[in-house]
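Student: Sequence first, then the predicted structure:
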2 protein chains.
Amino acid sequence: MSRKEQIDQVATTLFKSRGFAATTMRDLALELGIEAGSLYSHIKSKEDILQRVCFRMADEFNEAFNEVKNQDEPAAEKLRLAIAAHVRVLTKNPPAAGVFLNEWRHLSEPSLSQFNTMRHTYEESFREIVREGIASGDFQVSDEKFVVLTLLSSLNWLHMWYKPEGKMSPDEIAEFLSNLLLNGLKNF
Amino acid sequence: MSRKEQIDQVATTLFKSRGFAATTMRDLALELGIEAGSLYSHIKSKEDILQRVCFRMADEFNEAFNEVKNQDEPAAEKLRLAIAAHVRVLTKNPPAAGVFLNEWRHLSEPSLSQFNTMRHTYEESFREIVREGIASGDFQVSDEKFVVLTLLSSLNWLHMWYKPEGKMSPDEIAEFLSNLLLNGLKNF
DNA sequence: CCTACCGATCGGTAGG
DNA sequence: CCTACCGATCGGTAGG
């Protein structure tokens, strides 16, 4: 792992636990065992790191979704696959997922607008599946925007507690969540 | 409204939109049309404000829940009432809810531990209802901890987009979410 | 990668 | 509530 990748990784865990604004370059340097000024041989700025983390995660979510997108399955099954893909990305790197979800607002323009566009596109992909399910009669909902936001936020807290050594695998977690969201608490 | 309450309110909207750490006392003073130093005639410190907002909201959630707690209803109905109570508090003051949900980690000890205890108690109250529902056969789930965390996080994103002038009232939103979570996407 | 340092800005205070 | 200011710390740079 290059020094730059090391910096990104350590910064990610710090941004996640303290927040971007409350993390100082001296905190980061201390954790890496070097002086603060030395960081700048490898990175351009503090926000430079944040940008890489946010956009890398955005790419991962989009790529994972694209493998699901064009499968010829009924909407309910497609949604299950999309949920599983989302959970897989979330659990693969929880600190990075946390930064992606909570620290993106510290991006400055034009990165911020670009990021928001990507996020919107991703949500739109989910909405498309839900619309399909409504059209086919699989789903009995009216407001697909509302549903998708609820759905995604019920997945996105995962990064806060997920630990690789836990008893459930990412795919088991995804199945649990899919069942809960598709069938409800009563008919689980 | 006293000057202190005014400060708390304006600070809440700033903490919500920029984050606690990225909000400066000078930002806050500017918004209020006074000098930064003048704030300290009314408040003890920056964190002093955060503490009041966080604990006030924690109290509101607990109070709202307590009115539901001892009603003699089946678990599913009790859960509906608890969800409605939660949504009502969330939507009554979205910026304060946002600070409560996202900025509490900037509390320092001993407030931080005290806050975490309160939050844990609140989650435990929800778990109790789900356990009741499992015992009575209303709910077909095994892991009530997992369910409650999913449930709460599917509600807690509300503060990000809810606007009082929107077409759905808090109680309509609560009903929509209750139906989705209890019956699932398929049998809505 | 370090030493040495910069200008800016931070939360907060004294004295009125 | 303001003026004037404090010590500390911030992100970042120059020169080696």
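Tutor: Perfect, thanks for sending it.

Student: Chain A against chain B: which residues are in contact?
Tutor: A:18-19, A:21-22, A:76, A:79, A:102, A:105-106, A:130, A:133, A:138-141, A:143, A:146-147, A:149-151, A:153-154, A:156-157, A:161, A:176-177, A:180-188 (C-beta under 8 Å from any C-beta of the partner chain). C-beta: built from backbone N, CA, C; applies to glycine.

Student: Can you tell me which of the residues you listed are buried?
Tutor: Neighbour-count burial (16 or more other C-beta atoms under 10 Å in any protein chain shown) applied to the residues of chain A next to chain B gives A:19, A:21-22, A:76, A:79, A:102, A:106, A:130, A:133, A:138-139, A:141, A:146-147, A:149-151, A:153-154, A:156-157, A:176-177, A:180-186, A:188.

Student: Could you find the closest non-adjacent residue to the residue most central in space within chain A?
Tutor: Closest residue to the average C-alpha location of chain A: A:Ala97 at 4.5 Å, with C-alpha atoms, centre = their mean. Leaving aside its chain neighbours, A:Ala97 sits nearest to A:His159 (4.1 Å; criterion: C-beta to C-beta, 6 or more residues apart in numbering or on different chains).

Student: Just the closest residue of chain A to chain B, please.
Tutor: Ranking the residues of chain A by distance to chain B (C-beta to the nearest C-beta) places A:Gly184 first, at 3.0 Å.

Student: just checking, that residue touches B:Asn187?
Tutor: Yes. Between A:Gly184 and B:Asn187 a contact is recorded at 6.5 Å, counting by C-beta atoms under 8 Å.

Student: residues contacting the residue nearest to A:Ala97?
Tutor: Contacts of A:His159 were listed using C-beta atoms under 8 Å, 6 or more residues apart in numbering or on different chains, and they are A:Leu90, A:Thr91, A:Pro94, A:Pro95, A:Ala97, A:Gly98, A:Leu101.

Student: what's the spacing between it and B:Pro110?
Tutor: Distance, A:His159 to B:Pro110, by C-beta to C-beta, to the nearest Å: 27 Å.

Student: doesn't A:Glu77 make contact with A:Val68?
Tutor: No. Between A:Val68 and A:Glu77 there is no contact under C-beta under 8 Å: 10.0 Å.

Student: And these two? Which one has more around it.
Tutor: A:Val68 (20 against 17; other C-beta atoms under 10 Å in any protein chain shown).

Student: In three-state terms, label the more buried one for me.
Tutor: The local conformation at A:Val68, judged by DSSP: H, G, I helix; E, B strand; the rest coil, is helix.

Student: contacting residues for it?
Tutor: Contacts of A:Val68 (C-beta under 8 Å, 6+ apart): A:Lys78, A:Leu81, A:Ala82, A:Ala85.

Student: Please give me every residue in contact with A:Thr13.
Tutor: Neighbours of A:Thr13 in contact, by C-beta under 8 Å, 6+ apart: A:Pro95.

Student: and it, what element?
Tutor: helix A:3-18 (DSSP states H and E).

Student: A:Ala96: which element?
Tutor: Using DSSP H and E, A:Ala96 sits within helix A:94-102.

Student: anything in that helix near DNA strand D?
Tutor: No. Using C-beta under 7 Å from any atom of the strand, helix A:94-102 never reaches DNA strand D; the gap is at least 14.9 Å.
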